[in-house]
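A.B. asks: let's see this in three dimensions:
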Amino acid sequence: MNEAHILLIDDDRDLAELLGEYLDAEGFRLSAAHSGEDGIQELARGNYDLVLLDVMMPGIDGFETLKQIRNTSVVPVLMLTAKGEETDRVLGLELGADDYLAKPYSHRELLARIKALLRRIELDRAQKESDTGTLECNGVTLNFDTYEVECEGQTLPMTTSEFKVLRVLMTRAGKAVPKEDLYREVLGREIMAYDRSIDMHVSNVRRKIQTVTEDPKIQTIRGIGYLFVEAS
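C.D. replies: Here you go, the predicted structure:
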């Protein structure tokens, strides 16, 4: 992806300036908004490939900003959370963030996460070109043309990451899929110690499916990963 356009929503103006210089040297273009309200408006005006979203901001915080973004956009969102605040990371993923990074972070670490998410976008585009039609298993249907998910005939709202979790699990229905595979295929990066991103995406999918049916679709295979249950 050439000169990906990234939107930083963070009230720290000094950080925005330094990060802009660093990412520019790495071949990216960064625009900044310094409040949640301004960030939402800027995202609606521009054509952005990725959003970096800080949790702690005056006015509406990062969580409320993310809620409003997800009402209209599936743009990948990387949440920037306080170090050690697991509740922030969990809530961000529950609200539709694709990944998170705890502050303080190094520019190199942030760059690695950005590249991983952008690689995922490229893979998504290639996958969409090769995947057409639908995939159905055990009452769940994925529509590759519209990126919609139906369960027992009802359409369920899913983020891009949640759709990809289902795609990976359903294409291997009846087989345990290691978490390492899910990290590579869904988030475009390797699993890290104490990282619960995929667990939260799977939990979100389960919760949404359970609004329609109590029939368990995804099983946890302890010590390995997850399995999508084939219809009996």
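
A.B. asks: at the geometric centre of this protein, which residue sits there?
C.D. replies: residue 98 (1.8 Å; CA atoms, centre = their mean).

A.B. asks: next up, the contacts around that one.
C.D. replies: Taking CB atoms under 8 Å, 6 or more residues apart in numbering as the contact definition, residue 98 lies against 76-78, 117, 159-161, 187. In this view, the C-beta of every residue, glycine as well, is placed from N, C-alpha and C.

A.B. asks: and those residues, which are buried?
C.D. replies: Among these, those buried by neighbour count (16 or more other CB atoms under 10 Å) are 76-78, 117, 159-161, 187.

A.B. asks: in helices only, show me those.
C.D. replies: Using DSSP state H, the subset of those located in helices is 117, 160-161.

A.B. asks: lowest-confidence one in those?
C.D. replies: The lowest pLDDT within these belongs to residue 160, with 84.

A.B. asks: tell me the SS of the closest residue to that residue other than its chain neighbours?
C.D. replies: In this structure, residue 160 finds its nearest non-sequential neighbour in residue 74, 5.0 Å apart by CB to CB, 6 or more residues apart in numbering. State at residue 74, reduced to three classes by DSSP: H, G, I helix; E, B strand; the rest coil: coil.

A.B. asks: okay, now residue 74: neighbour count?
C.D. replies: For residue 74, the neighbour count with other CB atoms under 10 Å is 15.

A.B. asks: and what of residue 41?
C.D. replies: 12.

A.B. asks: and which of the buried ones among the contacts of residue 98 is nearest residue 44?
C.D. replies: residue 77 (14.6 Å; CB to CB).

A.B. asks: pretty sure the closest one is touching residue 54, no?
C.D. replies: No. The criterion here is CB atoms under 8 Å, and residue 77 misses it with residue 54 at 11.2 Å.

A.B. asks: re the thing from before, I'd like the ones in helices among the buried ones among the contacts of residue 98 as a markdown table, with distance to residue 14 appended.
C.D. replies: Supplementary listing: those in a markdown table, determined by distance: CB to CB, whole Å:
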| residue | distance to residue 14 |
| --- | --- |
| 117 | 24 |
| 160 | 32 |
| 161 | 31 |
